[in-house]
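Trainee: Show me the folded form of this:
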Amino acid sequence: MALLSEVRSLLGEPGVNRSYPEPWAEMEREFGVELPADFREVVDAYGSVLINDQLYLEHPAGPLPHNLQKSVRDNLDFWEEEDSTEFLPGPVGAGPGELMPIATGRTSETVFLRVPAGPSSPWRVLVQEFDSFSWALYEMTFGEWLLAYLRGEDVMAGSRNFGSDGAFYEPLP
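Mentor: Numbers count the residues shown, from 1 in each chain. Model (predicted):
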């Protein structure tokens, strides 16, 4: 809960703040991997949102078109068709060491979680900027990466579009 407390102090009170285990379980069955607890905690608290008018986070219980499970499926299909090896440091997918697309940015970024290669390996975050074909791997958990983003650190391509009062979010319809 320490992560959520820090996120709340930077972003404001969450609008949902409820756990929806069944959509997560369905998503995990489809992809064969359990997403990290810090990612699930933030998404359960805030639901499907647009942060700083830039970063889209979606929940698997969200209505279409803002449904995480559908977005991951569609993005995996896109990156497989695009031959992601040209643009990414490894294959996309949900297997060990693969990159799973879990969020997008308004200025053509895709945020991936690198699936741990082994049981003791941590999840890591990779951001790819499609217009420039560049990517950056952050040796951080999702929670660490999100906090860095909310503090204004350079962990996302494009502008961070902070309002005068700092980070902000709006629920997606």
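
Trainee: for Leu78, helix, strand, or coil?
Mentor: Just to correct that, residue 78 is Phe rather than Leu. helix (DSSP: H, G, I helix; E, B strand; the rest coil).

Trainee: what about it, distance to Met156?
Mentor: Using Cβ to Cβ, to the nearest Å, Phe78 is found at 19 Å from Met156. C-beta here means a position set from N, CA and C on the backbone, and glycine is covered the same way.

Trainee: So between those two, which is more surrounded?
Mentor: Met156 (24 against 13; other Cβ atoms under 10 Å).

Trainee: Surely the more buried one and Asn52 touch.
Mentor: No: Met156 lies out of contact with Asn52 (Cβ atoms under 8 Å); the separation is 9.1 Å.

Trainee: host element of Thr104?
Mentor: Using DSSP states H and E, Thr104 sits in strand 99-105.

Trainee: Can you name the element that comes right after that strand?
Mentor: strand 109-114.

Trainee: can you give me how far that next one is from the chain middle?
Mentor: Chain-centre distance of strand 109-114: 6 Å, with Cα atoms, centre = their mean, to the nearest Å.

Trainee: Summarise which helices and strands that strand is packed against.
Mentor: Applying 3 or more Cβ pairs under 8 Å, 6 or more residues apart in numbering; DSSP states H and E, one finds that strand 109-114 contacts strand 99-105, strand 124-129.

Trainee: so which of those comes closest to Pro63?
Mentor: Proximity to Pro63, assessed across the helices and strands packed on strand 109-114 by Cβ to Cβ, is greatest for strand 99-105 (17.1 Å).

Trainee: CA atoms of the closest one as CSV?
Mentor: C-alpha atoms of strand 99-105 as CSV (Å, rounded to 0.1, in the frame of the first residue of the first chain):
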residue,chain,number,x,y,z
LEU,A,99,7.7,-7.5,-23.8
MET,A,100,4.0,-7.1,-22.9
PRO,A,101,2.4,-3.8,-24.0
ILE,A,102,0.4,-2.5,-21.1
ALA,A,103,-0.1,1.2,-21.7
THR,A,104,0.2,3.8,-24.5
GLY,A,105,1.0,7.5,-24.8
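
Trainee: Check which helices and strands that strand sits against.
Mentor: Counting by 3+ Cβ pairs under 8 Å, 6+ apart, strand 99-105 packs on strand 55-57, helix 68-81, strand 109-114.

Trainee: Adding distance to Glu129 and mean pLDDT, write those out as a markdown table.
Mentor: Formatted as a markdown table, the helices and strands packed on strand 99-105 follow (distance: least, Cβ to Cβ, whole Å; pLDDT from 0 to 100):
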| stretch | distance to Glu129 | mean pLDDT |
| --- | --- | --- |
| strand 55-57 | 13 | 96 |
| helix 68-81 | 14 | 94 |
| strand 109-114 | 5 | 96 |
